[in-house]
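> Here's my sequence, what's the structure:
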Amino acid sequence: MDYVDRDGKPCKACFSFEEMMKQSQKFSKKEKVERRKDCPVDKDELGRSTWNLLHTMAAYYPEKPNDREKKDMNETIHSISKTYPCTHCAEDFREDLKQHPPVLENKDSLSKWMCEMHNRVNVKIGKEVFDCTKVRERWLDGWKDGSCDP
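A predicted model of the protein is given here:
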């Protein structure tokens, strides 16, 4: 499937580096290609970065948000769904938002909603589902074993 960006050029943010290598005739199957660290992000890196941002925003969302904070978070989430560089990913995100609007009552409800949203994407792309009871450990407090402590 060919994906293009809003300007009609091939969309680097719509494919992973591995997917691009598989489609390329330049490299044999045995040849290992190292990707430079300063290349434009691919789909996988963009996705990880975006989910990191969204989960962290949810983790630091107020316990008792005021109306303005709720409005700002809602607008941010919806804006990302409109401006995300991978157009087919953005369309899918917008559709999911219609079915599952953000739950903005407090930090825990937003974090749970975000985890469930992420898990729906994980299921669609064949990735492992995350245990949503562990969102605080993963995105705010660090793991109970102390491995995230200085």
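> so what's the residue nearest the centre of the chain up against?
The residue lying closest to the centre of the chain (C-alpha atoms, centre = their mean) is residue 51, at 3.1 Å. Counting by C-beta atoms under 8 Å, 6 or more residues apart in numbering, residue 51 makes contact with residue 118. Using the backbone N, CA and C atoms, a C-beta is placed for each residue, glycine as well.
> Same question for the one 3 residues further on.
Under the criterion of C-beta under 8 Å, 6+ apart, the contact list for residue 54 reads 77, 80, 114, 118.
> my guess is residue 41 contacts residue 48, does it?
No. The criterion here is C-beta atoms under 8 Å, and residue 41 misses it with residue 48 at 9.0 Å.
> chain center to the helix or strand the residue nearest to the centre of the chain falls within, what's the gap?
Using DSSP states H and E, residue 51 maps to helix 43-59. Distance of helix 43-59 from the chain centroid (C-alpha atoms, centre = their mean, to the nearest Å) equals 4 Å.
> buried stuff in that helix?
Neighbour counts over helix 43-59 (16 or more other C-beta atoms under 10 Å) mark 43, 46-47, 50-51, 54-55, 57-59 as buried.
> Now the element after that helix, going C-ward?
Downstream of helix 43-59 (by DSSP H and E), the next one is helix 67-83.
> okay, whichever helix or strand comes after that next one in PDB with CA atoms only?
Once helix 67-83 ends, the next helix or strand along the chain (criterion: DSSP H and E) is helix 87-99. Written as PDB, here are the backbone C-alpha positions of helix 87-99 (Å, rounded to 0.1, in the frame of the first residue of the first chain):
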ATOM      1  CA  THR A  87      -2.700  10.500   7.500                       C
ATOM      2  CA  HIS A  88      -4.200   7.100   7.700                       C
ATOM      3  CA  CYS A  89      -3.200   6.900  11.400                       C
ATOM      4  CA  ALA A  90      -4.800  10.300  12.000                       C
ATOM      5  CA  GLU A  91      -8.000   9.200  10.300                       C
ATOM      6  CA  ASP A  92      -8.200   6.100  12.400                       C
ATOM      7  CA  PHE A  93      -7.600   8.100  15.600                       C
ATOM      8  CA  ARG A  94     -10.400  10.500  14.600                       C
ATOM      9  CA  GLU A  95     -12.800   7.600  14.100                       C
ATOM     10  CA  ASP A  96     -11.800   6.100  17.400                       C
ATOM     11  CA  LEU A  97     -12.400   9.500  19.100                       C
ATOM     12  CA  LYS A  98     -15.900   9.600  17.800                       C
ATOM     13  CA  GLN A  99     -16.700   6.200  19.300                       C
END
